[in-house]
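Student: Pasting a predicted model and its sequence here:
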Amino acid sequence: MAFEDQAASCRKNAAKFPDDASHLEAAKVLDHLAETTADIEPYVLDAYDELFEGSQEFEQQAIFAEFLELVGFQWKPSTAAEFLANFMARARSR
């Protein structure tokens, strides 16, 4: 998953904007999500992978990136599994 990379990006933005604590908060949430990826059930990961197969791969990647950018700012999923469940529901609804 891309949680670690997004957390690093948030930390960079926190350094650029030290008066805005939201970037550090987002990094903490993303770090926690990264820590919970091992708890995702294998069948969920299989369903996640299937979303990126075929002609809609680029659209799914865009939705995933959009969801990732919202973490810590507009919503704070408690686990990576919760993040994936919401992402997959959104991706399937399109």
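Tutor: On my side now, so go ahead.
Student: any low-confidence regions in this structure?
Tutor: Applying pLDDT under 70 to the chain flags residues 1, 55.
Student: As a check, name the ranges of all strands in this structure.
Tutor: Shown for the chain, no strands are assigned by DSSP state E.
Student: The residue of the chain most remote from its centre and N13: what is the separation?
Tutor: Within the chain, D19 marks the point farthest from the mean C-alpha position, 24.3 Å out by Cα atoms, centre = their mean. Going from D19 to N13 by Cβ to Cβ, to the nearest Å gives 12 Å. (Each C-beta comes from the backbone N, C-alpha and C, glycine too.)
Student: Likewise for L84?
Tutor: 24 Å.
Student: Between those two, point out the one with more neighbours.
Tutor: Between L84 and N13, L84 has the larger neighbour count (other Cβ atoms under 10 Å), namely 23 against 15.
Student: wait, that one sits on E41?
Tutor: No: in this structure L84 lies outside contact range of E41 using Cβ atoms under 8 Å: 9.8 Å.
Student: rewinding a little: list phi and psi for the residue farthest from the centre of the chain.
Tutor: phi -80, psi -10 (degrees, to the nearest 10).
Student: And for the most centrally placed residue in the chain, nearest residue in space, chain neighbours not counted?
Tutor: Nearest residue to the geometric centre of the chain (Cα atoms, centre = their mean): L68, 3.5 Å. Nearest residue to L68 in three dimensions, chain neighbours excluded: Q6, at 5.1 Å (Cβ to Cβ, 6 or more residues apart in numbering).
Student: check contacts around that neighbour.
Tutor: Neighbour list for Q6: L30, L68, E69, V71 [criterion: Cβ atoms under 8 Å, 6 or more residues apart in numbering].
Student: how close does it sit to D46?
Tutor: Applying Cβ to Cβ to Q6 and D46 gives a distance of 23 Å.
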